[in-house]
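Engineer: Here's a sequence, model it:
(one chain, ligands or ions: 1)
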Amino acid sequence: MASLLFSPYFIAGAILWVFAGVVAYFWLVSFLFGAGYQGAPRKSIEVMFRFAQVGPHDILYELGAGVGAIAFPAARKYHAHVVAVEIEPLRVLIMRFRRAMGSDAGRLDVRRGNMYALDFRPATVVTAFLWPGAMARLKPKFEAELQPGTRVLSRCHPIIGWTPAVHDPDADVYYYRWPDARRPGKIGA
Ligand SMILES: C[S@@+](CC[C@H](N)C(=O)[O-])C[C@H]1O[C@@H](n2cnc3c(N)ncnc32)[C@H](O)[C@@H]1O
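Structural biologist: Numbering: from 1, shown residues only. A predicted model of the protein is given here:
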């Protein structure tokens, strides 16, 4: 029995199963929460920062932060104060580990929680890479809580009924300025 346990085939098989389990968990569990996991591409993230002109005076909320693809560069490169909210515990752990490895812990607030329960009033920038249903559910909360001047960026999915200041189809980023986004009109108007 012991020789079976230590055989290279058994060990390789066990490693494969554990790896497959972690991958399955990581990709699938968020479907329970209404949005699966996919990291935003770096190009789209840079477009978001450029549109919103993110800087040290900003308080940036990343909704459904995943492993912090937007949160970490916002804090590290653009020196914004960041609130990264994620519902899935493993990703929160990864973000906390990443934060512990850096020198910018003071700028990064990593919260495990439900973004629908957040108070958006302190935010000056909000970023999201979610599903259409999530954007629809967030919209009334945005309308009730966002302060004038807040910039909202969404990758892939527009906020239906809002007019973006800019839509970059290449990076697939929608950029809104609140409350101008309420006005009907043409993109870029
Ligand atoms: C498509 S991923 C985007 C991850 C990251 N923002 C990025 O751009 O790389 C969406 C994330 O939203 C998280 N999420 C879904 N519903 C949530 C909720 N109600 N509250 C907080 N996070 C949520 C998922 O767990 C997932 O990590």
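Engineer: Every contact and neighbour count from this point should use C-alpha atoms.
Structural biologist: OK.
Engineer: where's the spatially most central residue of the chain relative to the ligand, distance?
Structural biologist: Among the residues of the chain, the one closest to the centroid is Ala65, at 3.2 Å (Cα atoms, centre = their mean). Ala65 is 4 Å from the ligand, where distance means Cα to the nearest ligand atom, to the nearest Å.
Engineer: Hmm, that residue is touching Val85, no?
Structural biologist: Yes. Assessed by Cα atoms under 8 Å, Ala65 is found in contact with Val85 at 5.5 Å.
Engineer: helix, strand or coil for Leu32?
Structural biologist: Put simply, Leu32 is helix when judged by DSSP: H, G, I helix; E, B strand; the rest coil.
Engineer: how near is it to Glu88?
Structural biologist: 10 Å (Cα to Cα, to the nearest Å).
Engineer: So these two - more neighbours on which side?
Structural biologist: Glu88 (21 against 9; other Cα atoms under 10 Å).
Engineer: neighbours around the closest residue to Val29 other than its chain neighbours, how many?
Structural biologist: Spatial nearest neighbour of Val29, chain neighbours left out: Gly36 (7.4 Å); criterion: Cα to Cα, 6 or more residues apart in numbering. By the criterion of other Cα under 10 Å, Gly36 has 17 neighbours.
Engineer: still on that earlier bit, what is the three-state secondary structure of the residue nearest to the centre of the chain?
Structural biologist: At Ala65, secondary structure determined by three-state DSSP is coil.
Engineer: Show the contacting residues for it.
Structural biologist: For Ala65, the contacting residues are 71, 84-86, 128, by Cα atoms under 8 Å, 6 or more residues apart in numbering.
Engineer: restrict these to contacts with the ligand.
Structural biologist: Near the ligand, taking Cα under 6 Å from any ligand atom as the test, the members of the contacts of Ala65 found are 85-86, 128.
Engineer: Redo these as CSV? Include secondary structure, neighbour count and pLDDT.
Structural biologist: As requested, the ones next to the ligand among the contacts of Ala65 are exported to CSV (DSSP: H, G, I helix; E, B strand; the rest coil; neighbours: other Cα atoms under 10 Å; pLDDT from 0 to 100):
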residue, secondary structure, neighbour count, pLDDT
Val85, strand, 23, 98
Glu86, strand, 23, 96
Ala128, strand, 22, 97
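Engineer: just curious, which of those is nearest to the ligand?
Structural biologist: Minimum distance to the ligand across the ones next to the ligand among the contacts of Ala65 is 3.8 Å, recorded for Glu86 (Cα to the nearest ligand atom).
Engineer: contacting residues around the closest residue in space to that closest one that isn't next to it in sequence?
Structural biologist: Counting by Cα to Cα, 6+ apart, Glu86 lies nearest to Gly64, which is 4.7 Å off, once chain neighbours are set aside. Gly64 makes contact with 84-87, 115, 128-130, according to Cα under 8 Å, 6+ apart.
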